[in-house]
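Chemist: quick one: sequence and predicted model below, then my questions.
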Amino acid sequence: MVKLSKSSPCGGRVECRSLLREERGAATAEFTMVATLLVLLTLAVIQLMTFVHVRNTLIDAASSGARFGALHDRTAEDGVERTRSLIASSIAGDHAGDVTYTYVDEEEGRTLRITVRAGVPLMGIGPGLGMLEVQGRAYAFD
């Protein structure tokens, strides 16, 4: 048990009651401020997770499309169509709009590069935070 001295701000009962009266309603204000911060933090984490998910899905679709288009009996257009279908079946058809391909000559050989440009979704509802560009590559053995 703590003894309160007469010199402490809550040394007497009358002073303690007045201090408690001044603190009345503070819990409501604290809860509002803390809850707002927690909601904003949660929304930021959800946005980050959505961005990473869309990015990883686009990279996987572009890489798979490039590998498919680099097969001996396939063309780059087949790879682009495969990329579009993978994106449409994984996240949304909106992200499959701008899919292009190029052939790049490198030291190791000819490379098929499929590029996907898509809008970064805002909270998973639609485009909102700018553009995201990803690439998938595969060696084209002719």
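Modeler: Thanks, I have it. Numbers count the residues shown, from 1 in each chain.
Chemist: below-threshold pLDDT in this structure: ranges please.
Modeler: Scanning the chain for pLDDT under 70 picks out the ranges 1-23, 25, 124-128, 142.
Chemist: so where do the helices sit in it?
Modeler: Listed in chain order, the helices found in the chain under DSSP state H are 13-23, 26-69, 76-90.
Chemist: neighbours of F68, just the number please.
Modeler: 21 (other Cβ atoms under 10 Å). Glycine gets a C-beta too; all of them are placed from N, C-alpha and C.
Chemist: now do the same contact list for it.
Modeler: 74, 78-79, 82 (Cβ atoms under 8 Å, 6 or more residues apart in numbering).
Chemist: and the spatially most central residue of the chain, how far from E30?
Modeler: By Cα atoms, centre = their mean, the mean C-alpha position of the chain lies nearest to F51, the distance being 2.1 Å. To E30, F51 is 32 Å away according to Cβ to Cβ, to the nearest Å.
Chemist: cool, and T42?
Modeler: Here T42 is placed at a distance of 18 Å from E30 (Cβ to Cβ).
Chemist: repeat that for E108.
Modeler: E108 is 62 Å from E30, by Cβ to Cβ.
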